[in-house]
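Novice: Quick one, fold the following:
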Amino acid sequence: MPSHALILLCRTSAIAEKLMGVYGGLLSDANFPYRFQIQVNPPDAVIQKLTASNHCLFFLEVPKDNDPEAVMQISSAIQEYRPKGHQLVLITDQTVDYLDLAIRFNVGNVLFTDSLEASTVGALTQRLLSNDFFGFGPFFPNRYERFEQHTLLTGIINRAGLVERHFASFMESLAAQHRSLFQSQMSELLTNALAYGVLGITEEQRDHTEVHLPAIVEIPPGREVRVTIVQDDEKYGISVKDPGGSLTLLRILQKLRRHTAPPGSLPIGIDDLTGRGLFIVSRQTRLVINILRGRQTEVILLSYFNEQRNRYKSLIINEKYPSPLDMAN
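Specialist: Numbers count the residues shown, from 1 in each chain. The predicted structure is shown next:
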(Lines give C-alpha, C1' and ligand atoms only; values in the text may rest on other atoms or scores of the structure.)
Protein backbone atom coordinates (compact mmCIF):
# COMPACT_ATOMS: atom_id res chain seq x y z
CA MET A 1 0.00 0.00 0.00
CA PRO A 2 1.41 3.44 -0.88
CA SER A 3 2.33 5.76 1.96
CA HIS A 4 0.11 8.73 2.73
CA ALA A 5 0.47 12.02 4.57
CA LEU A 6 -2.12 14.46 5.83
CA ILE A 7 -1.24 18.17 5.64
CA LEU A 8 -3.46 20.66 7.48
CA LEU A 9 -2.99 24.27 6.41
CA CYS A 10 -5.29 25.93 8.93
CA ARG A 11 -5.66 29.60 9.76
CA THR A 12 -7.35 28.96 13.12
CA SER A 13 -6.34 26.57 15.86
CA ALA A 14 -9.95 25.47 16.41
CA ILE A 15 -10.17 23.95 12.90
CA ALA A 16 -6.82 22.21 13.28
CA GLU A 17 -7.84 20.77 16.65
CA LYS A 18 -11.20 19.62 15.26
CA LEU A 19 -9.56 17.79 12.37
CA MET A 20 -6.92 16.27 14.63
CA GLY A 21 -9.67 14.95 16.89
CA VAL A 22 -11.65 13.51 13.96
CA TYR A 23 -8.60 11.76 12.53
CA GLY A 24 -7.55 10.57 15.96
CA GLY A 25 -10.82 8.67 16.15
CA LEU A 26 -10.54 7.39 12.58
CA LEU A 27 -6.99 6.14 13.03
CA SER A 28 -7.97 4.25 16.19
CA ASP A 29 -10.62 2.35 14.22
CA ALA A 30 -9.19 -0.92 12.95
CA ASN A 31 -11.57 -0.80 9.96
CA PHE A 32 -10.21 2.53 8.71
CA PRO A 33 -7.85 1.50 5.90
CA TYR A 34 -5.27 4.28 6.11
CA ARG A 35 -2.41 5.08 8.45
CA PHE A 36 -0.53 8.31 7.91
CA GLN A 37 1.45 11.04 9.56
CA ILE A 38 -0.27 14.37 10.16
CA GLN A 39 1.42 17.75 9.85
CA VAL A 40 -0.22 21.02 10.92
CA ASN A 41 1.01 24.15 9.09
CA PRO A 42 4.43 22.66 8.31
CA PRO A 43 7.12 24.82 6.66
CA ASP A 44 7.51 24.61 2.89
CA ALA A 45 10.59 22.40 3.15
CA VAL A 46 8.62 19.77 5.08
CA ILE A 47 5.74 19.94 2.59
CA GLN A 48 8.15 19.43 -0.29
CA LYS A 49 9.64 16.39 1.43
CA LEU A 50 6.23 14.89 2.20
CA THR A 51 4.85 15.40 -1.29
CA ALA A 52 7.96 13.90 -2.84
CA SER A 53 7.51 10.53 -1.11
CA ASN A 54 3.80 10.28 -0.16
CA HIS A 55 0.32 10.57 -1.58
CA CYS A 56 -0.81 13.69 0.27
CA LEU A 57 -4.22 14.94 1.30
CA PHE A 58 -4.34 18.70 1.96
CA PHE A 59 -6.97 20.47 4.04
CA LEU A 60 -6.89 24.19 3.26
CA GLU A 61 -8.86 26.58 5.45
CA VAL A 62 -10.40 29.51 3.56
CA PRO A 63 -11.09 32.47 5.87
CA LYS A 64 -14.40 34.32 5.65
CA ASP A 65 -12.66 37.65 5.15
CA ASN A 66 -10.80 36.45 2.01
CA ASP A 67 -7.48 37.47 3.51
CA PRO A 68 -5.19 38.00 0.46
CA GLU A 69 -2.29 36.10 2.03
CA ALA A 70 -4.47 33.06 2.72
CA VAL A 71 -6.02 33.15 -0.74
CA MET A 72 -2.58 33.31 -2.34
CA GLN A 73 -1.38 30.36 -0.25
CA ILE A 74 -4.39 28.27 -1.25
CA SER A 75 -4.09 29.16 -4.95
CA SER A 76 -0.39 28.34 -4.93
CA ALA A 77 -0.99 24.97 -3.25
CA ILE A 78 -3.68 24.05 -5.77
CA GLN A 79 -1.51 25.02 -8.73
CA GLU A 80 1.55 23.19 -7.41
CA TYR A 81 0.21 20.02 -5.85
CA ARG A 82 -2.97 19.04 -7.71
CA PRO A 83 -1.16 18.45 -11.06
CA LYS A 84 1.15 16.05 -9.19
CA GLY A 85 -1.78 13.89 -8.08
CA HIS A 86 -2.20 15.15 -4.52
CA GLN A 87 -5.73 15.73 -3.22
CA LEU A 88 -7.13 18.97 -1.82
CA VAL A 89 -10.14 19.81 0.34
CA LEU A 90 -11.24 23.35 1.18
CA ILE A 91 -12.69 24.12 4.62
CA THR A 92 -14.69 27.26 5.28
CA ASP A 93 -17.39 28.75 7.46
CA GLN A 94 -20.94 27.62 6.73
CA THR A 95 -21.94 31.20 5.91
CA VAL A 96 -19.62 31.30 2.89
CA ASP A 97 -21.21 30.75 -0.55
CA TYR A 98 -20.14 27.26 -1.58
CA LEU A 99 -20.52 27.71 -5.34
CA ASP A 100 -18.61 30.98 -5.47
CA LEU A 101 -15.79 29.40 -3.51
CA ALA A 102 -15.68 26.22 -5.61
CA ILE A 103 -15.74 28.15 -8.90
CA ARG A 104 -13.04 30.56 -7.75
CA PHE A 105 -10.60 27.77 -6.89
CA ASN A 106 -12.01 25.14 -9.29
CA VAL A 107 -12.19 22.67 -6.40
CA GLY A 108 -15.28 20.54 -5.83
CA ASN A 109 -14.39 19.19 -2.40
CA VAL A 110 -15.54 21.80 0.09
CA LEU A 111 -16.40 21.06 3.72
CA PHE A 112 -18.05 23.50 6.08
CA THR A 113 -16.88 23.81 9.63
CA ASP A 114 -20.16 22.41 10.92
CA SER A 115 -19.74 19.21 8.85
CA LEU A 116 -16.33 18.18 10.20
CA GLU A 117 -17.55 14.88 11.62
CA ALA A 118 -16.01 11.42 11.42
CA SER A 119 -18.52 9.95 8.93
CA THR A 120 -18.15 12.81 6.45
CA VAL A 121 -14.39 13.29 6.74
CA GLY A 122 -13.74 9.54 6.74
CA ALA A 123 -15.87 8.97 3.63
CA LEU A 124 -14.20 11.82 1.76
CA THR A 125 -10.71 10.60 2.77
CA GLN A 126 -11.37 7.11 1.46
CA ARG A 127 -12.82 8.41 -1.80
CA LEU A 128 -9.89 10.72 -2.49
CA LEU A 129 -7.08 8.35 -1.53
CA SER A 130 -8.48 5.07 -2.85
CA ASN A 131 -7.90 3.66 -6.33
CA ASP A 132 -11.56 2.59 -6.14
CA PHE A 133 -12.86 5.92 -7.36
CA PHE A 134 -16.49 4.94 -7.84
CA GLY A 135 -19.21 3.39 -5.72
CA PHE A 136 -21.03 3.68 -2.40
CA GLY A 137 -18.33 2.20 -0.16
CA PRO A 138 -17.37 5.26 1.92
CA PHE A 139 -20.99 6.24 2.50
CA PHE A 140 -22.29 2.84 3.60
CA PRO A 141 -19.61 1.48 5.98
CA ASN A 142 -22.02 -1.17 7.31
CA ARG A 143 -23.14 -2.19 3.83
CA TYR A 144 -26.76 -2.32 2.72
CA GLU A 145 -28.90 -4.16 5.23
CA ARG A 146 -32.28 -3.31 3.71
CA PHE A 147 -31.96 -3.45 -0.09
CA GLU A 148 -29.51 -3.85 -2.98
CA GLN A 149 -30.26 -3.91 -6.71
CA HIS A 150 -27.99 -3.72 -9.77
CA THR A 151 -29.49 -2.88 -13.17
CA LEU A 152 -27.74 -2.72 -16.55
CA LEU A 153 -29.51 -0.64 -19.20
CA THR A 154 -28.54 -1.75 -22.70
CA GLY A 155 -30.12 -2.42 -26.06
CA ILE A 156 -33.46 -0.85 -27.03
CA ILE A 157 -34.79 1.27 -24.16
CA ASN A 158 -38.27 2.81 -24.04
CA ARG A 159 -38.02 5.88 -21.82
CA ALA A 160 -41.75 5.87 -21.08
CA GLY A 161 -42.31 4.08 -17.78
CA LEU A 162 -38.60 3.26 -17.48
CA VAL A 163 -38.39 3.90 -13.73
CA GLU A 164 -41.54 1.95 -12.92
CA ARG A 165 -40.49 -1.09 -15.01
CA HIS A 166 -37.03 -1.49 -13.54
CA PHE A 167 -37.42 -0.25 -9.98
CA ALA A 168 -41.00 -1.10 -8.97
CA SER A 169 -39.95 -3.47 -6.17
CA PHE A 170 -37.79 -0.81 -4.55
CA MET A 171 -40.50 1.83 -4.84
CA GLU A 172 -42.94 -0.52 -3.11
CA SER A 173 -40.50 -0.86 -0.20
CA LEU A 174 -40.52 2.91 0.40
CA ALA A 175 -42.99 4.81 2.51
CA ALA A 176 -45.58 6.59 0.37
CA GLN A 177 -44.07 10.05 0.90
CA HIS A 178 -40.72 8.93 -0.56
CA ARG A 179 -41.96 7.17 -3.71
CA SER A 180 -42.67 10.16 -5.93
CA LEU A 181 -39.44 11.78 -4.79
CA PHE A 182 -37.45 8.68 -5.76
CA GLN A 183 -39.22 8.54 -9.14
CA SER A 184 -38.32 12.16 -9.97
CA GLN A 185 -34.74 11.70 -8.76
CA MET A 186 -34.19 8.58 -10.84
CA SER A 187 -35.80 10.15 -13.92
CA GLU A 188 -33.45 13.13 -13.72
CA LEU A 189 -30.33 11.00 -13.27
CA LEU A 190 -31.24 8.64 -16.13
CA THR A 191 -32.06 11.53 -18.48
CA ASN A 192 -28.62 13.06 -17.94
CA ALA A 193 -26.88 9.68 -18.32
CA LEU A 194 -28.65 8.95 -21.61
CA ALA A 195 -28.09 12.44 -22.99
CA TYR A 196 -24.42 12.86 -22.12
CA GLY A 197 -23.13 9.30 -21.86
CA VAL A 198 -25.09 7.39 -24.51
CA LEU A 199 -26.32 9.85 -27.14
CA GLY A 200 -23.27 12.09 -26.86
CA ILE A 201 -25.24 15.32 -26.83
CA THR A 202 -22.72 18.09 -26.28
CA GLU A 203 -22.94 20.88 -23.74
CA GLU A 204 -23.35 23.42 -26.57
CA GLN A 205 -26.24 21.47 -28.10
CA ARG A 206 -28.08 21.26 -24.79
CA ASP A 207 -27.47 24.93 -24.01
CA HIS A 208 -28.35 26.53 -27.33
CA THR A 209 -30.89 24.29 -29.02
CA GLU A 210 -34.08 22.55 -28.08
CA VAL A 211 -32.59 19.06 -28.00
CA HIS A 212 -35.22 16.50 -27.06
CA LEU A 213 -34.31 12.97 -26.07
CA PRO A 214 -36.12 10.43 -28.25
CA ALA A 215 -38.74 8.21 -26.65
CA ILE A 216 -36.78 5.14 -27.80
CA VAL A 217 -33.04 5.05 -27.15
CA GLU A 218 -30.68 2.35 -28.41
CA ILE A 219 -27.76 1.75 -26.04
CA PRO A 220 -25.00 -0.08 -27.96
CA PRO A 221 -22.48 -2.48 -26.39
CA GLY A 222 -19.83 -0.57 -24.48
CA ARG A 223 -22.17 2.35 -23.75
CA GLU A 224 -24.29 0.68 -21.07
CA VAL A 225 -25.74 2.68 -18.19
CA ARG A 226 -25.24 0.98 -14.82
CA VAL A 227 -27.69 1.72 -12.01
CA THR A 228 -27.33 0.59 -8.40
CA ILE A 229 -29.85 1.15 -5.61
CA VAL A 230 -29.04 0.39 -1.98
CA GLN A 231 -30.70 1.07 1.34
CA ASP A 232 -29.86 0.85 5.01
CA ASP A 233 -31.84 1.94 8.07
CA GLU A 234 -31.16 5.66 7.65
CA LYS A 235 -31.10 6.33 3.89
CA TYR A 236 -31.24 5.00 0.36
CA GLY A 237 -28.62 5.57 -2.28
CA ILE A 238 -28.77 5.75 -6.07
CA SER A 239 -25.70 5.40 -8.28
CA VAL A 240 -25.96 6.00 -12.02
CA LYS A 241 -22.81 5.46 -14.12
CA ASP A 242 -22.52 6.37 -17.76
CA PRO A 243 -19.50 5.81 -20.01
CA GLY A 244 -19.15 9.40 -21.23
CA GLY A 245 -17.03 11.16 -18.65
CA SER A 246 -17.76 14.38 -20.57
CA LEU A 247 -19.37 16.23 -17.68
CA THR A 248 -16.80 18.53 -16.07
CA LEU A 249 -16.42 20.04 -12.64
CA LEU A 250 -16.65 23.61 -13.94
CA ARG A 251 -19.77 22.78 -16.00
CA ILE A 252 -21.57 21.44 -12.92
CA LEU A 253 -20.57 24.38 -10.75
CA GLN A 254 -21.56 26.98 -13.32
CA LYS A 255 -24.96 25.35 -13.93
CA LEU A 256 -25.71 25.17 -10.22
CA ARG A 257 -24.68 28.81 -9.83
CA ARG A 258 -26.99 29.92 -12.66
CA HIS A 259 -29.97 28.21 -11.00
CA THR A 260 -29.24 29.49 -7.48
CA ALA A 261 -31.36 32.57 -6.85
CA PRO A 262 -30.03 35.47 -4.77
CA PRO A 263 -32.39 36.48 -1.93
CA GLY A 264 -35.46 38.25 -3.28
CA SER A 265 -34.73 37.68 -6.96
CA LEU A 266 -34.95 35.10 -9.73
CA PRO A 267 -31.96 32.95 -10.76
CA ILE A 268 -30.05 34.19 -13.81
CA GLY A 269 -30.52 30.78 -15.44
CA ILE A 270 -34.31 30.74 -15.18
CA ASP A 271 -34.61 30.50 -18.98
CA ASP A 272 -31.79 27.98 -19.42
CA LEU A 273 -32.64 24.75 -21.24
CA THR A 274 -30.46 22.65 -18.95
CA GLY A 275 -29.24 22.34 -15.38
CA ARG A 276 -32.47 22.89 -13.46
CA GLY A 277 -33.08 19.22 -12.69
CA LEU A 278 -29.62 18.67 -11.25
CA PHE A 279 -30.01 21.82 -9.17
CA ILE A 280 -33.32 20.59 -7.72
CA VAL A 281 -31.84 17.18 -6.90
CA SER A 282 -28.86 18.83 -5.20
CA ARG A 283 -31.24 20.72 -2.91
CA GLN A 284 -33.30 17.65 -2.00
CA THR A 285 -30.49 15.30 -1.02
CA ARG A 286 -26.79 14.85 -0.57
CA LEU A 287 -25.17 14.64 -3.98
CA VAL A 288 -21.79 13.16 -4.92
CA ILE A 289 -20.47 13.36 -8.48
CA ASN A 290 -17.41 11.37 -9.58
CA ILE A 291 -15.92 12.21 -12.98
CA LEU A 292 -13.11 10.21 -14.58
CA ARG A 293 -12.52 12.39 -17.62
CA GLY A 294 -13.30 10.70 -20.93
CA ARG A 295 -14.03 7.38 -19.25
CA GLN A 296 -16.98 7.44 -16.89
CA THR A 297 -19.28 9.70 -14.88
CA GLU A 298 -21.06 8.57 -11.73
CA VAL A 299 -23.76 10.51 -9.91
CA ILE A 300 -24.48 9.27 -6.39
CA LEU A 301 -27.56 10.48 -4.57
CA LEU A 302 -27.99 9.86 -0.84
CA SER A 303 -31.53 10.46 0.43
CA TYR A 304 -31.98 10.33 4.22
CA PHE A 305 -35.29 9.44 5.80
CA ASN A 306 -34.61 12.11 8.44
CA GLU A 307 -35.19 15.27 6.40
CA GLN A 308 -32.83 17.29 8.57
CA ARG A 309 -29.92 15.19 7.32
CA ASN A 310 -30.75 16.01 3.71
CA ARG A 311 -30.15 19.70 4.42
CA TYR A 312 -26.44 19.28 3.87
CA LYS A 313 -24.52 22.10 2.28
CA SER A 314 -21.44 20.29 0.99
CA LEU A 315 -21.76 19.05 -2.56
CA ILE A 316 -18.95 16.58 -3.18
CA ILE A 317 -17.54 16.58 -6.70
CA ASN A 318 -14.46 14.53 -7.54
CA GLU A 319 -12.87 14.98 -10.95
CA LYS A 320 -9.64 13.45 -12.20
CA TYR A 321 -7.90 12.47 -15.40
CA PRO A 322 -7.11 8.79 -15.97
CA SER A 323 -3.74 7.63 -14.69
CA PRO A 324 -1.92 4.54 -16.00
CA LEU A 325 -3.46 2.64 -13.06
CA ASP A 326 -6.95 3.77 -14.09
CA MET A 327 -6.37 2.66 -17.66
CA ALA A 328 -5.31 -0.79 -16.48
CA ASN A 329 -8.51 -1.35 -14.46
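Novice: who does the closest residue to residue 300 other than its chain neighbours bridge with?
Specialist: Distances taken as Cβ to Cβ, 6 or more residues apart in numbering place residue 288 nearest to residue 300, at 4.1 Å, with adjacent residues excluded. Where you see a C-beta, it was placed from the backbone N, CA and C, and this is true even at glycine. Taking DSSP bridges, one obtains residue 300, residue 316 as the residues bridged to residue 288.
Novice: Give me the pLDDT value at residue 288.
Specialist: Looking at residue 288, its pLDDT is 85.
Novice: Make sure residue 55 is actually in contact with residue 86.
Specialist: Yes: applying Cβ atoms under 8 Å, one finds residue 55 in contact with residue 86, separated by 6.9 Å.
Novice: give me every residue that touches the residue nearest to residue 300.
Specialist: Residue 288 is in contact with 127, 139, 299-302, 315-318, counting by Cβ atoms under 8 Å, 6 or more residues apart in numbering.
Novice: Next, the buried residues of stretch 120-135.
Specialist: Along stretch 120-135, these residues count as buried under the neighbour rule (16 or more other Cβ atoms under 10 Å): 120-129, 133-135.
Novice: same check, this time on stretch 85-96
Specialist: Those buried within stretch 85-96 under the rule 16+ other Cβ under 10 Å are 86-92, 96.
Novice: Return the member of those nearest to residue 112.
Specialist: Comparing these against residue 112 with Cβ to Cβ places residue 92 closest, at 6.5 Å.
Novice: how far away is the closest residue to that closest one other than its chain neighbours from residue 28?
Specialist: Spatial nearest neighbour of residue 92, excluding adjacent residues (Cβ to Cβ, 6+ apart): residue 62 at 4.3 Å. With distances taken as Cβ to Cβ, to the nearest Å, residue 62 is found 29 Å from residue 28.
Novice: who has more neighbours, these two?
Specialist: residue 62 (21 against 8; other Cβ atoms under 10 Å).
Novice: so which of the buried residues of stretch 85-96 comes closest to residue 218?
Specialist: Scanning these for proximity to residue 218, where the rule is Cβ to Cβ, the winner is residue 87, at 38.4 Å.
Novice: where does the residue nearest to residue 141 when sequence neighbours are not counted fall, phi/psi-wise?
Specialist: Once flanking residues are discounted, residue 141 sits nearest to residue 31: 7.3 Å by Cβ to Cβ, 6+ apart. Backbone torsions of residue 31, given as degrees, to the nearest 10, read phi -80, psi -10.
Novice: So residue 31 sits against residue 138, correct?
Specialist: No: the pair residue 31 / residue 138 is not scored as a contact, 11.9 Å apart, by Cβ under 8 Å.
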